[in-house]
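>>> coords below, sequence missing:
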């Protein structure tokens with residue numbers, strides 16, 4: 001430990017307690033073979049030389065630049081120090097640990113630092129006359145200290161609370177600050193290159209505050225959601241991520257093998273839905289989960305193969321209840337996020353709370369689409385006839401769809417909704433309700449009295465043109481559920497194995513960056529989850545289910561334009577690039 005380290009009583013250890021210079025092993029002695037190949041920046045080499053030079057002396061200022069942290073009853077975090085400052089006495093001793101974010105030297109004997117800890121900043125004042133009692137050592141020690149401490153270093157400072165002449169709360173050191181972890185690379189003032197920012201995400205977080213603010217908002221959003229569900233007497237469960245069946249949604253899964261089951265394919269889940277509904281059958285009437293889901297699909301501005309889902313299931317709950325819960329949750333989240341943005345996360349744009357005034361607008365899928373198209377839809381329950389009839393009607397009306405002609409009725413209806421219904425949400429939050437039954441195989445269906453079409457008791461919430469949440473009354477008839485799943489898998493699956501987007505995910509709004517050489521014929525659909533159908537035989541009560549992508553919520557409330565901004569280390573492209581010499585799977589890097 002450093003000769004200037006503090007014991008639990010707050011006093012400085014004597015210099016004689018330190019190992020002598022001959023026996024001290026330098027942390028900065030580089031092996032010859034490494035020195036020949038390791039690229040070293042000028043800044044890093046300069047720091048090595050400085051610290052190595054200090055360690056040569058018996059009375060080294062920092063003989064151990066990476067010491068263990070000692071316990072101290074005087075230790076406070078910066079937020080605690082600032083909170084307690086108004087009632088603190090000037091005689092009270094306090095120890096603060098943190099990262100140096102700025103350094104200001106005044107003459108030969110005074111240095112000010114800005115110390116950051118737990119996202120808050122405090123000023124530290126170091127006066128040589130109050131830190132080194134021995135006048136013979138004072139000048140030497142303080143001069144060395146001024147030169148050794150750099151911006152980015154982690155230091156420990158013990159002293160007394162005071163105010164400067166300007167009235168700023170300050171910790172005035174009464175002993176030499178201790179270096180507890182040096183920064184061996186220089187932290188730049190600016191970092192703007194997208195590839196560098198994503199490849200060196202921790203550095204990006206240090207330089208660009210808005211990066212940390214988005215991630216902090218994400219943490220606050222998930223905390224708020226957990227608190228909300230707990231207040232409604234929901235229980236949080238973790239369900240399997242790796243299993244034989246990927247889950248309830250129709251999406252391409254990631255397939256792997258286990259040493260325990262060498263001849264059986266396993267899959268990462270695409271959704272926790274079927275597991276959570278099993279829990280409802282088992283008597284857990286209110287259950288939720290916030291956890292990862294995986295879909296082996298492309299990367300774009302709003303999609304990543306790994307993402308976080310929040311799903312809840314509530315027994316004896318209908319669609320109207322789900323809509324009210326969604327409005328309450330979103331309204332509260334918007335207020336909470338705006339409160340944080342106005343006080344702590346100040347780099348993020350303000351939220352217009354007037355957009356989240358309840359109730360949100362609702363439109364019925366079929367009547368709204370018929371009005372937008374100017375034509376009547378065919379009987380959609382006759383799925384084998386409805387697709388060609390609807391395509392013919394669109395052609396006669398001169399309505400052209402972007403991209404290739406959808407290969408199934410659910411895909412065609414989804415495409416039409418994306419073009420004609422979802423844009424209604426640009427001005428205000430929008431619930432699209434009562435989708436055609438063929439689009440929702442896990443939802444309960446009913447005959448709409450207005451259109452005489454078979455529809456599902458389902459709603460999707462869109463905000464700003466993006467799907468935010470999906471909810472419906474769960475199908476609880478085992479035979480009907482089995483029929484629906486079998487029919488839907490046939491409808492959405494092409495002969496070459498390509499699958500449509502899952503119900504929980506909106507179609508991407510821009511071309512997906514996928515591997516053109518991928519052999520989609522190799523992928524085969526997993527069998528229907530017979531064990532789930534069997535579970536329904538034990539009785540699933542009338543249940544409302546709800547799902548939302550957490551990243552979508554973070555994008556909405558943070559103003560982020562890309563999903564990579566809402567992920568700690570970016571999208572799959574960025575993560576793969578971090579673990580190899582290349583900056584991305586293509587060897588060129590990607591900003592995500």
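Perfect, I can see it now. Bear in mind the structure is a predicted one, so any value in this text is a computation, not a measurement.
>>> who are the contact partners of residue 393?
By CB atoms under 8 Å, 6 or more residues apart in numbering, residue 393 lies in contact with 375, 377, 378. Where C-beta positions appear, they are placed from N, C-alpha and C, glycine not excepted.
>>> from these, which single one is nearest residue 209?
The shortest gap between residue 209 and any of the contacts of residue 393 belongs to residue 377, at 50.5 Å (CB to CB).
>>> what's the neighbour count on that closest one?
Around residue 377 there are 20 other residues, counting by other CB atoms under 10 Å.
>>> count of neighbours near residue 380?
Counted with other CB under 10 Å, the neighbours of residue 380 add up to 24.
>>> show me which of the contacts of residue 393 is closest to residue 69.
Once CB to CB is applied, the member of the contacts of residue 393 that ends up nearest residue 69 is residue 377, at 67.9 Å.
>>> let me know the pLDDT of that closest one.
For residue 377, the model assigns a pLDDT of 97.
>>> that one in helix, strand or coil?
Here residue 377 is coil, with the state taken from DSSP: H, G, I helix; E, B strand; the rest coil.
>>> let me see the contact set for it.
366, 369, 370, 386, 390, 393, 453.
>>> with secondary structure, distance to residue 182 and pLDDT added, can I get the residues you listed in TSV?
Formatted as TSV, the contacts of residue 377 follow (DSSP: H, G, I helix; E, B strand; the rest coil; distance: CB to CB, whole Å; pLDDT from 0 to 100):
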residue	secondary structure	distance to residue 182	pLDDT
366	helix	66	98
369	helix	63	98
370	helix	68	97
386	helix	69	94
390	helix	67	96
393	helix	71	95
453	coil	69	97
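>>> tell me which two of the residues you listed sit farthest apart.
The distance between the two most remote of those (CB to CB) is 14.9 Å, for 393 and 453.
>>> neighbours around residue 272, how many?
Applying other CB under 10 Å, we find 29 residues neighbouring residue 272.
>>> can I assume it is in contact with residue 292?
No. Here residue 272 does not reach residue 292: they are 9.3 Å apart, not a contact under CB atoms under 8 Å.
>>> where in the chain is pLDDT low?
For the chain, the stretches with pLDDT under 70 are 1-37, 133-139, 247-250, 489-527, 577-592.
>>> domains of it?
The chain resolves into domains spanning 15-181, 206-512+520-578 when parsed by automatic domain parsing.
>>> flag every buried residue along the lengthiest helix in the chain.
Ordering each helix of the chain by length in residues (DSSP state H) puts helix 319-343 first. Buried residues in helix 319-343, defined by neighbour count with 16 or more other CB atoms under 10 Å: 319, 322-323, 325-327, 329-331, 333-334, 336-338, 340-341.
>>> now do stretch 268-285
For stretch 268-285, burial by neighbour count (16+ other CB under 10 Å) applies to 268-281, 285.
>>> equivalent analysis for stretch 191-210, please.
In terms of neighbour count (16+ other CB under 10 Å), stretch 191-210 has its buried residues at 191, 195, 197-201, 203-208, 210.
>>> from these, which land in helices?
For the buried residues of stretch 191-210, the ones inside helices are 195, 197, 198, 199, 201, 203, 204, 205, 206, 207, 210, with DSSP H as the criterion.
>>> let's have the residues you listed in CSV, adding distance to residue 405.
Below are those laid out as CSV (distance: CB to CB, whole Å):
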residue, distance to residue 405
195, 38
197, 40
198, 37
199, 40
201, 41
203, 47
204, 43
205, 45
206, 50
207, 48
210, 42
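>>> which parts of the stretch 201-350 of the chain are helices?
Using DSSP state H, counting those that start in this stretch, the helices of the stretch 201-350 of the chain run over residues 201-207, 209-231, 273-281, 319-343.
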